[in-house]
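**Student:** let's see this in three dimensions:
(one chain, ligands or ions: 1)
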Amino acid sequence: MLQASSNSATDLQITRLSKQFRGLGKEVNKVISDFSLTIEKGTTVAVVGSNGAGKSTLLNMISGTVLPDSGQIIVRGRDITFLPSWKRVPLVRRVRQNPQDNMISSLTVEENFALALSGTRQKYRLTPARNRAVRDIAVHQIEMLGMGLENRLHVTSESLSGGQRQAIALAIAALGSPAVMLLDEHTAALDPNSAQRIKEVTERIVKESGTTALMVTHDMAHALKHADRLLMLHAGTIVMDLDKGEMQRQTVHQISAQFAAHAGESLPDETMLSAS
Ligand SMILES: Nc1ncnc2c1ncn2[C@@H]1O[C@H](COP(=O)(O)OP(=O)(O)OP(=O)(O)O)[C@@H](O)[C@H]1O
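**Tutor:** Numbering: from 1, shown residues only. Sure thing, here's the model as predicted:
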């Protein structure tokens, strides 16, 4: 495996990444074009933008479910650009929008932990579910959530609410403090109260595990409150990149007006809804 050089303060370094898809009529859709990004260790970066801007495709390439046409992705100094997704597990974790996609519904919470733990050693199997050490780790992770879910280790994940599942998914994603956590609209499918709870839990989990988070969201208020940096995407490129100071100095409407000036179109209604 190629060991790429990168700054030790950098968790994620993307260089000149491009991806295009071909339609049935062979028309080419350039989804991500010449995309470069460097993220400092422990930073939470929110990614917002137009519909179809390429946000999910970007996360897919970092998690390895889609391979880029060109460019390079380096995580903690390791070139993962073409590494199979399962081999990225120790470095990159993802929490998806739909709670059902984050755990195996028919397995208990403890078994889901066991599976995830064996995956970090790249040998997926359930045997460790009977292991006391797995239980201790699961309890420790669940305690971090502060939601009183410690007594739910032996229920199947399908019997948990959507918010409880997303919370457990975050605790599983934080196992072993991965370099990068990808949060893919992970509160979008929840009712407002659960979404608010999960946003707070996310901030705690991300900070406690010292991980770098890349958080795709259509919730502008969430992005401004919880992120250290805001990237705004349009047509596969970054049209705005604001640090915390710049995010705090401007109103949501100023940011949105700047986006419209750069992108030639307004942010989607659902993005502004949360901030109005
Ligand atoms: N596997 C695929 N095959 C063909 N086209 C794809 C594929 N995946 C994504 N696309 C196209 O790439 C473009 C970007 O899609 P993507 O899902 O990355 O956007 P997004 O920014 O996440 O959008 P949204 O905010 O609406 O979820 C869209 O035009 C989409 O149709």
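**Student:** does the ligand sit close to the helix or strand of the chain with the lowest mean pLDDT?
**Tutor:** Lowest on mean pLDDT, DSSP states H and E among the helices and strands of the chain sits helix 269-273, with a mean of 75. No. Helix 269-273 stays clear of the ligand (C-beta under 6 Å from any ligand atom), getting no nearer than 8.9 Å. (C-beta placed from N, C-alpha, C; glycine too.)
**Student:** what residues sit buried inside that helix?
**Tutor:** In terms of neighbour count (16 or more other C-beta atoms under 10 Å), helix 269-273 has its buried residues at T271, M272.
**Student:** from the chain's centroid, how far away is that helix?
**Tutor:** 20 Å (C-alpha atoms, centre = their mean, to the nearest Å).
**Student:** ditto for stretch 19-38
**Tutor:** 21 Å.
**Student:** and that stretch, how far apart are its ends?
**Tutor:** Using C-alpha to C-alpha, to the nearest Å, the end-to-end distance of stretch 19-38 comes out at 18 Å.
**Student:** contacts for it, please.
**Tutor:** 7, 10, 12-18, 54, 57-58, 61, 66, 68-69, 71, 231, 235-238 (C-beta atoms under 8 Å, 6 or more residues apart in numbering).
**Student:** now those residues: which count as buried?
**Tutor:** Here, 16+ other C-beta under 10 Å leaves 10, 12-15, 17-18, 54, 57-58, 61, 66, 68, 71, 231, 235-238 buried among the contacts of stretch 19-38.
**Student:** just those residues: which are in helices?
**Tutor:** Of the buried ones among the contacts of stretch 19-38, the ones assigned to helices by DSSP state H are T57, L58, M61.
**Student:** quick check: residues of the stretch 151-276 of the chain near the ligand?
**Tutor:** So the stretch 151-276 of the chain never meets the ligand (C-beta under 6 Å from any ligand atom).
**Student:** where does the stretch 151-276 of the chain have low pLDDT?
**Tutor:** 273-276 (pLDDT under 70).
**Student:** one more time with 80, if that's ok
**Tutor:** For the stretch 151-276 of the chain, the stretches flagged by pLDDT under 80 are 270-276.
**Student:** what segments of it are strands?
**Tutor:** 180-184, 212-216, 229-234, 237-243 (DSSP state E, counting those that start in this stretch).
**Student:** could you pull out the helices for the stretch 151-276 of the chain?
**Tutor:** Assigned by DSSP state H, counting those that start in this stretch, the helices in the stretch 151-276 of the chain fall at 162-173, 192-209, 220-226, 244-249, 252-263, 269-273.
**Student:** need the ones in helices among the buried ones among the contacts of stretch 19-38 in a markdown table with pLDDT and distance to the ligand, can you?
**Tutor:** Shown next, in a markdown table, are those (pLDDT from 0 to 100; distance: C-beta to the nearest ligand atom, whole Å):
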| residue | pLDDT | distance to the ligand |
| --- | --- | --- |
| T57 | 96 | 3 |
| L58 | 97 | 7 |
| M61 | 97 | 10 |
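**Student:** let me know the closest of those residues to A261.
**Tutor:** Top of the list for closeness to A261, among these and by C-beta to C-beta, is L58 at 22.8 Å.
**Student:** skip the chain neighbours and tell me the closest residue to that closest one.
**Tutor:** Counting by C-beta to C-beta, 6 or more residues apart in numbering, I32 is the residue found nearest to L58 once chain neighbours are left out, at 6.1 Å.
**Student:** so which residue is dead centre in this structure?
**Tutor:** Nearest to the geometric centre of the chain sits L182, at 1.6 Å (C-alpha atoms, centre = their mean).
**Student:** now that one, nearest residue through space, not along the chain?
**Tutor:** R94 (4.1 Å).
**Student:** distance to S36 added to the strands of the stretch 151-276 of the chain, as CSV?
**Tutor:** Below are the strands of the stretch 151-276 of the chain laid out as CSV (distance: least, C-beta to C-beta, whole Å):
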stretch, distance to S36
strand 180-184, 16
strand 212-216, 14
strand 229-234, 12
strand 237-243, 8
